[in-house]
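# sequence and predicted structure below; questions after.
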Amino acid sequence: MQPNRLGNYFEDFEEGEIISHSLSKTIYESDNNLFSLLTMNYHPLHTNSHYSKNEIYGKPIVVGTLVFSLVVGITVLDISGKAIANLEYKNVKHLNPVFTNDTIYAKTKILSKEESKSKNDRGIITVETIAYNQNNLEVLSFTRLILIKKRNYDE
């Protein structure tokens, strides 16, 4: 048995590689309510079934930033576990609504990798992550730049 490792080193990533993350999560009503309260997002579209019944989807939708945070978390073991820093998130797109009891999955494509110009023990990878629900419907996508350790980082 091998111990679980957290993340990959810069050398482990290959441009064009697609990683299907093994973690997934069903979003429960309690998750959505707690996140809404924690982030002070009191919009009734997220927390009020009666209000939402008369809106476009007919039921509350999960807060988009909860879905984004969850998907980033799903990717940590494979993508950013050895990160020095997340440098940038961009092109965040909410492609379809997420409802309570949806189960979220994610896959990530390695778009590019670049050696650091200032330090030889690290590099930058650019990835695109796409999240989808239990019906294989894409619900979120974003691009992220991550500063990743090389194997010689601790030397």
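Thanks, I have the structure now. Residues are numbered from 1 along each chain as shown.

# quick one: the helices in the chain?
29-38, 44-47, 49-53, 64-75 (DSSP state H).

# residue ranges with poor pLDDT in the chain?
155 (pLDDT under 70).

# related to what we said a few turns ago, columns distance to Leu95 on top of the helices of the chain, output as a markdown table?
The way it works is simple: take the backbone N, C-alpha and C, and place the C-beta from them, glycine included. Converted to a markdown table, the helices of the chain look like this (distance: least, CB to CB, whole Å):
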| stretch | distance to Leu95 |
| --- | --- |
| helix 29-38 | 18 |
| helix 44-47 | 18 |
| helix 49-53 | 20 |
| helix 64-75 | 10 |
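
# deepest of the ones you listed, which one?
Of the helices of the chain, the one with the most neighbours on average (mean count of other CB atoms under 10 Å) is helix 64-75, at a mean of 19.

# residues in contact with that helix: which ones?
Here helix 64-75 makes contact (CB atoms under 8 Å, 6 or more residues apart in numbering) with 21, 23-25, 27, 31-32, 35-36, 39, 41, 92, 94, 98, 104-106, 108, 127, 129, 131, 139-140, 142, 144.

# any idea how far that helix is from the chain center?
Averaging C-alpha positions (CA atoms, centre = their mean, to the nearest Å) puts helix 64-75 4 Å from its chain's average.

# same question for stretch 17-34.
Taking CA atoms, centre = their mean, one finds stretch 17-34 lying 9 Å from the centre of the chain it belongs to.

# what do you get for stretch 142-155?
Worked out by CA atoms, centre = their mean, stretch 142-155 lies 17 Å from the chain centre.

# what's the answer for stretch 99-107, then?
With CA atoms, centre = their mean, you get 11 Å for stretch 99-107.

# ok, stretch 30-47 next?
Between the centre of stretch 30-47 and the centre of its chain there are 19 Å (CA atoms, centre = their mean).

# alpha carbons of that stretch, as PDB, please.
What follows is stretch 30-47 as a C-alpha-only set of coordinates in PDB (Å, rounded to 0.1, in the frame of the first residue of the first chain):
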ATOM      1  CA  SER A  30     -27.700  22.400   4.400                       C
ATOM      2  CA  ASP A  31     -24.500  23.100   2.400                       C
ATOM      3  CA  ASN A  32     -26.200  25.800   0.400                       C
ATOM      4  CA  ASN A  33     -27.900  27.400   3.400                       C
ATOM      5  CA  LEU A  34     -24.700  27.400   5.500                       C
ATOM      6  CA  PHE A  35     -22.600  28.900   2.600                       C
ATOM      7  CA  SER A  36     -25.300  31.500   2.000                       C
ATOM      8  CA  LEU A  37     -25.200  32.600   5.600                       C
ATOM      9  CA  LEU A  38     -21.500  32.400   5.900                       C
ATOM     10  CA  THR A  39     -20.900  34.600   2.900                       C
ATOM     11  CA  MET A  40     -23.900  36.900   3.700                       C
ATOM     12  CA  ASN A  41     -25.600  36.100   0.400                       C
ATOM     13  CA  TYR A  42     -29.200  36.400   1.400                       C
ATOM     14  CA  HIS A  43     -30.700  36.500  -2.100                       C
ATOM     15  CA  PRO A  44     -34.000  34.600  -1.900                       C
ATOM     16  CA  LEU A  45     -33.200  32.800  -5.100                       C
ATOM     17  CA  HIS A  46     -30.700  30.700  -3.000                       C
ATOM     18  CA  THR A  47     -32.600  30.400   0.300                       C
END
